[in-house]
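Undergrad: Got a sequence here, can you model it:
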Amino acid sequence: MEELFAQKWKWFIGLGVVTLILGCLALLDTVLVTIALVIALGVVLIISGFAQIVHACYVKEWKGFLFSALAGVVYLVGGVLLVKGPVIGSLLLTVFLAVCFCFGGVMRIMIALKHKSTGGWGFLMFSGALSVIVGIMLIAQPVTGLWFIGFMVAFDLIFIGAAWIQLGFALKEKAK
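TA: Below is the predicted model:
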């Protein structure tokens, strides 16, 4: 299979370069990226909520009608709130992420402690501790939500871009 893709190594490098450039551009204004992402999420929720309400109206006889319609209303209202107030939305999303980081980190620490006899438990413990620290930092300073989400997206784009470029060069070597 690699031989098939080895002939297309330039596409992998091209994707990597584009992704890397987009990540670097996102780093220039992480607040703008965060707000754009929150607005985009709001639009998706509005469309989804509207679709769910329409669906519920077409299946009024269904036992799940009320819950389906209510879920659609919640999505719709949540989406409108995010579009109208992306700054507050980003702060709320950051607090939610902070809680998720803390909870996930504590769970990984507990799993690591229960499996000390297994290799790799230390890295799992470190990963959990790091998540808890990031979560606490975000809870202590939720205003960081204005740049944190955009920064994480930029960070991901830069590293995945670098990974695509590396894969492209590895495939180039196979093509020889």
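Undergrad: which residues sit in contact with the residue nearest the centre of the chain?
TA: Residue closest to the average C-alpha location in the chain (C-alpha atoms, centre = their mean): residue 153, at 7.2 Å. By C-beta atoms under 8 Å, 6 or more residues apart in numbering, the contact set of residue 153 is 26, 33, 37. (C-beta placed from N, C-alpha, C; glycine too.)
Undergrad: Look up the closest residue to residue 71, ignoring the ones flanking it.
TA: Excluding its sequence neighbours, the residue lying closest to residue 71 (C-beta to C-beta, 6 or more residues apart in numbering) is residue 52, at 5.9 Å.
Undergrad: Assess the claim that the one you found and residue 72 are in contact.
TA: Yes. Between residue 52 and residue 72 a contact is recorded at 3.2 Å, counting by C-beta atoms under 8 Å.
Undergrad: what is in contact with these two at once?
TA: With C-beta under 8 Å, 6+ apart applied, the contact sets of residue 52 and residue 72 do not overlap.
Undergrad: Skip the chain neighbours and tell me the closest residue to residue 18.
TA: Nearest to residue 18 is residue 161, by C-beta to C-beta, 6+ apart, at 7.4 Å.
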